[in-house]
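When you get a sec, could you give me coordinates for this:
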Amino acid sequence: MLDSLRNSAKSWVAKLLLGLLVLSFAVWGISGQMFTGIGSDVLKVGGTSVSVLDYRLAYDRQISLLSRQLGTRLTREQAVNFGLDDQVLQQLATSAVLDETARRMGLGVSQQTVAQLTASDPAFRGAGGSFDRRQFEFVLSQVGMRPEEYLQNRENDAIRQQVIDAVAEGVSAPDTLLRNVALYRGESRTIEYVPLPRSLVEPIEPPSDEELQSWFDERKDNYAAPEYRQINYVKLEPEDVADPSAISEEQIRTAYEQERNRYTTPERRTIERVSFSSTEEAEAARESLRNGATFEDIVERQNGSLEEATLGTLSQDEIADPAIAEEAFSLPQGQVSQVVEGTFGPVLLRVTEIVPEEATPLEEVSDEIRQQLALEDGSRVLLDTYDAYEDARAGGASMQEAANQQGLTMETVEAVDRSGRRPDGTVISDLPESQELLNQAFETEQGLENPPIHIGANGYLFYEVSEVTPARERTLDEVRDQVLEDWTNAEAEARLDALAGRLEEELEGGKTLDEIAEEVDQEKRVKRGLKRQSDDPDLGQAGVAAVFRVPQGDTGSFANPAGAGRFLFRVTEVFQPASASADFLPENVANSMSQGISNDLLEQLVTQLRAENEVVVNRAAMQQALNF
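Sure thing, here's the model as predicted:
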């Protein structure tokens, strides 16, 4: 979840909500003056302030944003655990410091610039690629922001950007640095290596009972039984209260007639079109048909082919030009039209094939319509069912009794841990809203009636915990098979490590890999052209890293990424590129290094501005904002 929080901060929505908050105060904290009086501002920097309302709006939007990113609504407790309140405070403080600097410098932007910046935002582009007012309003509605708020934020961002650009605009990594990095990345190596399979140390004799018990005692926590909970739940969605048998044949017939277009494939026609530069030219071509010319002749005279002239087999609604659509669907098959004044000039049309309209018979879609009508009825009575269920529970009915009264089904999960596993280790895969249900069920108390969990737009999931089995230590007898398997694997790994260490000493003492390969009855292998960034299919990333940790001529070993065993190796060749420049680096690497330098400069800028501008934080006002 923490990774999701971090990733969500990179999205354009986060930038839209929080503005250009380039650095966090986390690197140096907010150690300015604290005071406890209730006031209208959460923080002040000189003549710039952040009000209680501004803080709460930023906090709520951040919770909303992260909830959408994570796919579940963050609770206040979760937000506090993630430190969201202080994160928002730090971000707003950074903005305030930059705003105050810009204010003292007298910086500003014109309304025309703000309009241009807004129009250039990709989030607001319509299907044609240009700014779309409806898209603009839709996107803002999705994040709970009014247009005037966005424009004000955009203006503030643009002003801050002037301060930032003065420090970091156009910064790029020096060529010397890029050349050295290219040399570092360009180095390649050749190694000789010998596999050391697990079979070299097998069989592993079973440990004595005392040894196994001692090994288990040192690792008891690894084998502890987690807390298990028995969960009862009742799902309430339209399909749970839908009654297809209550739908009459007359209702089905009426719905079919009302939505006949949905069950009808419209007439489609294969249409050919010839375009002309003028109406006179088109009329002359049409007249030539009376003198023996064919439509194909006209197409050829227009330097085209029938393939190019064919629009396709289309329904009338699929033709964008209304004049062409109307004429094409009034023509008999095989006949050439009169001159049609299309949107892009005069044309002649011909219809070569007509596929008649085809309606799916009522009998074939009757069940589908019945189910759809039942779901619609279910949606209409869902809230009544919800109220009746809640009234029953308030009147003392158990979950089972309340569910039975409403024709709902109570399901029971006999035992599940927080990760969704049964005691036998299998995963329960059919829980509705499984992640949120488990999270909530393990935060509530046994026997407590809880608020329902929302399912989609209009569904509910009622739940209760009926039994709690506390976490406990297991005895060795309960997990003996697993412990024995783990001990055996650990022992085999330890013996392989010891064998690899001994063989490595022999290599360093003058033995060759060929001799060692013969000793362990394995084939010596050679791997050439290894680069630092490679994920070699045989050695894996960890193996490549091990190879580049030792100088030429040295040896080492690492775990076989394919499974049990190790590889013993010697670096036999190291090749440095004869020359290297920034051009040898992937573009994303060079850009990342430049961005890193830019970020360092920005960090220094904010640190300096922080030293020059005291940030005064009102923690009481901050809590007041959170308690609205």
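
Least confident secondary structure element in the chain?
helix 12-18 (a mean of 35; mean pLDDT, DSSP states H and E).

in the stretch 351-500 of the chain, which spans are helices?
362-394, 399-405, 434-441, 480-508 (DSSP state H, counting those that start in this stretch).

Of all those helices, which one is nearest Pro207?
Smallest distance to Pro207 across these (C-beta to C-beta): 6.0 Å, for helix 480-508. The way it works is simple: take the backbone N, C-alpha and C, and place the C-beta from them, glycine included.

quick one: that closest one to chain centroid distance?
41 Å (C-alpha atoms, centre = their mean, to the nearest Å).

And for stretch 85-105?
Between the centre of stretch 85-105 and the centre of its chain there are 29 Å (C-alpha atoms, centre = their mean).

Then stretch 334-345?
On C-alpha atoms, centre = their mean, the centre of stretch 334-345 falls 50 Å from that of its chain.

mind checking the end-to-end distance for it?
Start to finish, the residues bounding stretch 334-345 are 23 Å apart (C-alpha to C-alpha, to the nearest Å).

residues of the one helix or strand Asn180 maps to that come out buried?
Using DSSP states H and E, Asn180 maps to helix 175-186. Going by neighbour count (16 or more other C-beta atoms under 10 Å), the buried part of helix 175-186 is 178-179, 181-183, 185-186.

next structured bit after it?
With elements assigned by DSSP H and E, the helix or strand that comes after helix 175-186 is strand 188-197.

Show me how far the following helix or strand past that next one is from its chain's centre.
Helices and strands here follow DSSP H and E; after strand 188-197, the next one along the chain is helix 209-217. On the basis of C-alpha atoms, centre = their mean, helix 209-217 sits 45 Å off its chain's mean C-alpha point.

Contacts for helix 209-217 next, please.
With contact meaning C-beta atoms under 8 Å, 6 or more residues apart in numbering, helix 209-217 is reached by 207, 223, 476, 479-480, 483-484, 487, 490.

Rounded mean pLDDT for it, please.
When pLDDT is averaged over helix 209-217, the result is 95.

Give the buried residues for it.
The neighbour-count check on helix 209-217 (16+ other C-beta under 10 Å) flags 212, 215-216 as buried.

Stretch 465-472 now?
So, applying 16+ other C-beta under 10 Å, buried residues of stretch 465-472: 465-466.

cool, and stretch 89-104?
So, applying 16+ other C-beta under 10 Å, buried residues of stretch 89-104: 89-102.

Kindly report the same for stretch 190-208.
The neighbour-count check on stretch 190-208 (16+ other C-beta under 10 Å) flags 190-198, 200-201, 207 as buried.

Looking at those residues, which is nearest Val42?
For these, the minimum distance to Val42 (C-beta to C-beta) is 59.3 Å, reached by Ile191.

Which residue lies nearest the spatial centre of the chain?
The centre of the chain sits closest to Gln69, judged by C-alpha atoms, centre = their mean, with a distance of 7.1 Å.

tell me what the helix or strand containing that one is packed against?
If you go by DSSP H and E, Gln69 is part of helix 52-70. Packing partners of helix 52-70 (3 or more C-beta pairs under 8 Å, 6 or more residues apart in numbering; DSSP states H and E): helix 2-8, helix 12-18, strand 41-45, helix 84-105, helix 619-626.

other SSEs contacting the longest one?
Which is helix 84-105. strand 41-45, strand 48-51, helix 52-70, helix 147-168, helix 587-612, strand 615-618, helix 619-626.

Single out the most deeply packed of those.
Mean neighbour count (mean count of other C-beta atoms under 10 Å) peaks for strand 41-45 among the helices and strands packed on helix 84-105, with a mean of 23.

Make CSV out of the buried residues of helix 209-217 and add distance to Val45.
Shown next, in CSV, are the buried residues of helix 209-217 (distance: C-beta to C-beta, whole Å):
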residue, distance to Val45
Leu212, 64
Trp215, 59
Phe216, 59
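
Of those residues, just say which sits nearest to Val355.
Phe216 (75.0 Å).

so how far is Ala494 from that closest one?
To Ala494, Phe216 is 17 Å away according to C-beta to C-beta, to the nearest Å.

which other residues reach stretch 516-527?
190-197, 200, 503, 506-507, 513-514, 536, 538-539, 568.

Also stretch 407-424?
Contacts for stretch 407-424 (C-beta under 8 Å, 6+ apart): 225-236, 240-241, 385, 389, 399-400, 403-404, 427-428, 431, 434, 438, 442, 466, 469.

so how far is it from its chain's centroid?
In terms of C-alpha atoms, centre = their mean, the gap separating the centre of stretch 407-424 from the centre of its chain is 28 Å.

now do stretch 207-219
45 Å.

about what we covered before: among the helices of the stretch 351-500 of the chain, which is nearest Ala58?
For Ala58, the closest of those is helix 434-441, at 25.2 Å, according to C-beta to C-beta.

if I pick Gly334, what's in contact with it?
350-352 are the contacts of Gly334 under C-beta under 8 Å, 6+ apart.

can you put those in a markdown table and add distance to Glu283 and pLDDT?
Converted to a markdown table, the contacts of Gly334 look like this (distance: C-beta to C-beta, whole Å; pLDDT from 0 to 100):
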| residue | distance to Glu283 | pLDDT |
| --- | --- | --- |
| Arg350 | 16 | 94 |
| Val351 | 20 | 95 |
| Thr352 | 23 | 93 |
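
and the helix holding Asn180, C-alpha only, in PDB?
Written as PDB, here are the backbone C-alpha positions of helix 175-186 (Å, rounded to 0.1, in the frame of the first residue of the first chain):
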ATOM      1  CA  ASP A 175      29.800  15.800 -20.300                       C
ATOM      2  CA  THR A 176      32.700  14.600 -18.000                       C
ATOM      3  CA  LEU A 177      30.200  12.900 -15.700                       C
ATOM      4  CA  LEU A 178      28.300  11.400 -18.500                       C
ATOM      5  CA  ARG A 179      31.500  10.100 -20.200                       C
ATOM      6  CA  ASN A 180      32.600   8.400 -16.900                       C
ATOM      7  CA  VAL A 181      29.200   6.900 -16.400                       C
ATOM      8  CA  ALA A 182      29.300   5.600 -20.000                       C
ATOM      9  CA  LEU A 183      32.700   4.100 -19.400                       C
ATOM     10  CA  TYR A 184      31.400   2.500 -16.200                       C
ATOM     11  CA  ARG A 185      28.300   1.100 -17.900                       C
ATOM     12  CA  GLY A 186      30.300   0.100 -21.000                       C
END
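
could you give the angle of it to helix 587-612?
Here the directions of helix 175-186 and helix 587-612 differ by 130 degrees (axes from the mean of the first three to the mean of the last three C-alpha atoms, to 10 degrees).

and helix 175-186, what's its mean pLDDT?
77.
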